[in-house]
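Asks: This is a predicted model, with the sequence first.
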Amino acid sequence: MSIEVGTASWTDAMLIKSGRFYPKGCTSAEARLRFYADHFPMVEVDASYYAMPSAAHSALWAQRTPSGFTFNMKAFRLFTGHQTEPKFFPPDIQQALPQSGKKNLYYRDVPPDVIDELWRRFFEALEPLRAAGKLGAVLFQFAPWITTAPRDKAHVAHCAERMAPYLTAFEFRNASWFDERHRASTLAFERERGLVHVVMDAPEEVTTRAHTVWEATSPRLAIVRLHGRNADTWSGSTTASGRFNYDYSDEELEQLTIPIREIAKRVDRTDVVFNNCFEDSAQRNALTMIRLLNRHDAGSGTGFELT
């Protein structure tokens, strides 16, 4: 049993601009990743959501991190039901997209042969990390409008089939997936397919999100993603850094260690990922979480491996 703590991304513009995590002179992509990997054992790659990742970048990431370091790769936005502007597709594929004049395209709008090519390139980009033993899970953060309606459920199942046999995690944002009517069936869906259920910490007052459910559906991995608890900015901000502008208190983090340790008893590894990506909040909170978990487990004899 192990608990690995890290953050969502290591190159956010606001993080770099804050000047409070990377030391002076740590300005290159290689230097930043090496510095990050000196402090954390895992990271979530968010850039792969915004644009199709490349094998070249994955190979560099594998080379620049120590043995045992883990990358969780976020799925490309088109796959997760999000609106995708043509400019976010690879340049050569943009020519094959429907010339409908639409500002945004959705998965259903893209020709099947282009869809197949996008999946092929996505798997190609994962390969260097998989070959190096550094690929953790592939995270699908489904759009808030992906509901339990039949068409949406069919797309979610389609993504699960496409991803086999990769270790894959699903984070649902629509409340219907874990309401009283669907909670049991959603968890059963994940368990039957070996999917990793993502526990989401987010503002309780917000109704436009899925419920927080502390369950493990894969014996291999559990993921806890912490988005902050700022209800005022959750729906009103136009940027991720603004939306997740929150600094967890030590008391809040201490409280979170309790369910994290409990869920870690049921799986081989638990990833705790801070996504409160405002300036250096995520990195500071992640370091505090490591300290709190280490302090507790050093004197408790739990047998957890904290990294």
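Replies: Nice, thanks for sending it over. Numbering: from 1, shown residues only.
Asks: only C-alpha atoms for contact and neighbour calcs from this point on.
Replies: OK.
Asks: Figure out how far the helix or strand harbouring residue 257 is from the centre of its chain.
Replies: If you go by DSSP states H and E, residue 257 is part of helix 250-264. Relative to its chain's centre, helix 250-264 lies at 19 Å (Cα atoms, centre = their mean, to the nearest Å).
Asks: Pull the number of nearby residues for residue 112.
Replies: 11 (other Cα atoms under 10 Å).
Asks: How about residue 256?
Replies: By other Cα under 10 Å, neighbour count at residue 256 equals 16.
Asks: before we move on, what about residue 96?
Replies: Using other Cα under 10 Å: residue 96 sits among 12 other residues.
Asks: just residue 83 next, same as before
Replies: Neighbours of residue 83 (other Cα under 10 Å): 15.
Asks: How about the contacts made by residue 34?
Replies: Contacts for residue 34 (Cα atoms under 8 Å, 6 or more residues apart in numbering) come out as 64, 65.
Asks: Return the per-residue confidence for it.
Replies: pLDDT recorded at residue 34 is 98.
Asks: Can you give me the distance of it to residue 113?
Replies: Distance of residue 34 to residue 113, given as Cα to Cα, to the nearest Å: 38 Å.
Asks: Check which helices and strands the strand or helix carrying residue 270 sits against.
Replies: Element membership of residue 270 [criterion: DSSP H and E] is strand 269-274. Under the contact criterion of 3 or more Cα pairs under 8 Å, 6 or more residues apart in numbering; DSSP states H and E, strand 269-274 touches strand 2-8, strand 42-45, strand 221-226, helix 250-264, helix 281-300.
Asks: mean pLDDT for those: which is lowest?
Replies: Minimum mean pLDDT among the helices and strands packed on strand 269-274: helix 281-300, a mean of 86.
Asks: which helices and strands sit right next to it?
Replies: By 3+ Cα pairs under 8 Å, 6+ apart, helix 281-300 packs against strand 2-8, helix 250-264, strand 269-274, strand 305-306.
Asks: Save those as JSON lines, and put in distance to residue 183 too.
Replies: JSON lines is the format used below for those (distance: least, Cα to Cα, whole Å):
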{"stretch": "strand 2-8", "distance to residue 183": "26"}
{"stretch": "helix 250-264", "distance to residue 183": "18"}
{"stretch": "strand 269-274", "distance to residue 183": "21"}
{"stretch": "strand 305-306", "distance to residue 183": "31"}
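Asks: returning to what we had before: dump the helices and strands packed on strand 269-274 into CSV; add distance to residue 142 as well.
Replies: Formatted as CSV, the helices and strands packed on strand 269-274 follow (distance: least, Cα to Cα, whole Å):
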stretch, distance to residue 142
strand 2-8, 16
strand 42-45, 16
strand 221-226, 14
helix 250-264, 23
helix 281-300, 22
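Asks: Which among these is found nearest to residue 99?
Replies: For residue 99, the closest of these is strand 42-45, at 30.7 Å, according to Cα to Cα.
Asks: Each with direction, which strands does the closest one pair with?
Replies: As defined by DSSP bridges, the strand partners of strand 42-45 come to strand 2-8 (parallel), strand 70-74 (parallel).
Asks: For the last one, C-alpha coordinates in CSV please.
Replies: Pointing back at strand 70-74 there. Output of strand 70-74 as CSV, limited to C-alpha atoms (Å, rounded to 0.1, in the frame of the first residue of the first chain):
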residue,chain,number,x,y,z
THR,A,70,4.6,8.4,-12.2
PHE,A,71,2.7,10.5,-14.8
ASN,A,72,-1.1,10.4,-14.9
MET,A,73,-2.1,11.6,-18.3
LYS,A,74,-5.3,13.5,-18.9
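Asks: Any chance you could list what contacts the helix or strand following it?
Replies: Remark: after strand 70-74, the chain's next helix or strand is helix 91-94, criterion DSSP H and E. The contact list for helix 91-94 (Cα under 8 Å, 6+ apart) reads 86, 87, 114.
Asks: pLDDT of whichever helix or strand comes after helix 91-94, averaged?
Replies: Sequence-wise, the next helix or strand downstream of helix 91-94 (DSSP H and E) is helix 112-131. Helix 112-131 carries an average pLDDT of 98.
Asks: Counting by contacts, list what helix 112-131 packs against.
Replies: Against helix 112-131 (3+ Cα pairs under 8 Å, 6+ apart) you get helix 55-63.
Asks: what angle sits between the helix it packs on and strand 70-74?
Replies: If you take axes from the mean of the first three to the mean of the last three Cα atoms, to 10 degrees, helix 55-63 sits at 150 degrees to strand 70-74.
Asks: Contacts for helix 55-63, please.
Replies: 33, 124, 125, 126, 127, 128, 129, 132, 134.
Asks: just to revisit the earlier point, the strands paired with strand 42-45: which one's closest to residue 45?
Replies: strand 70-74 (4.9 Å).
Asks: How much space separates the residue lying closest to residue 205 once chain neighbours are set aside from residue 261?
Replies: Spatially, and ignoring its direct neighbours in sequence, residue 205 is nearest to residue 231 (6.4 Å; Cα to Cα, 6 or more residues apart in numbering). With distances taken as Cα to Cα, residue 231 is found 26 Å from residue 261.
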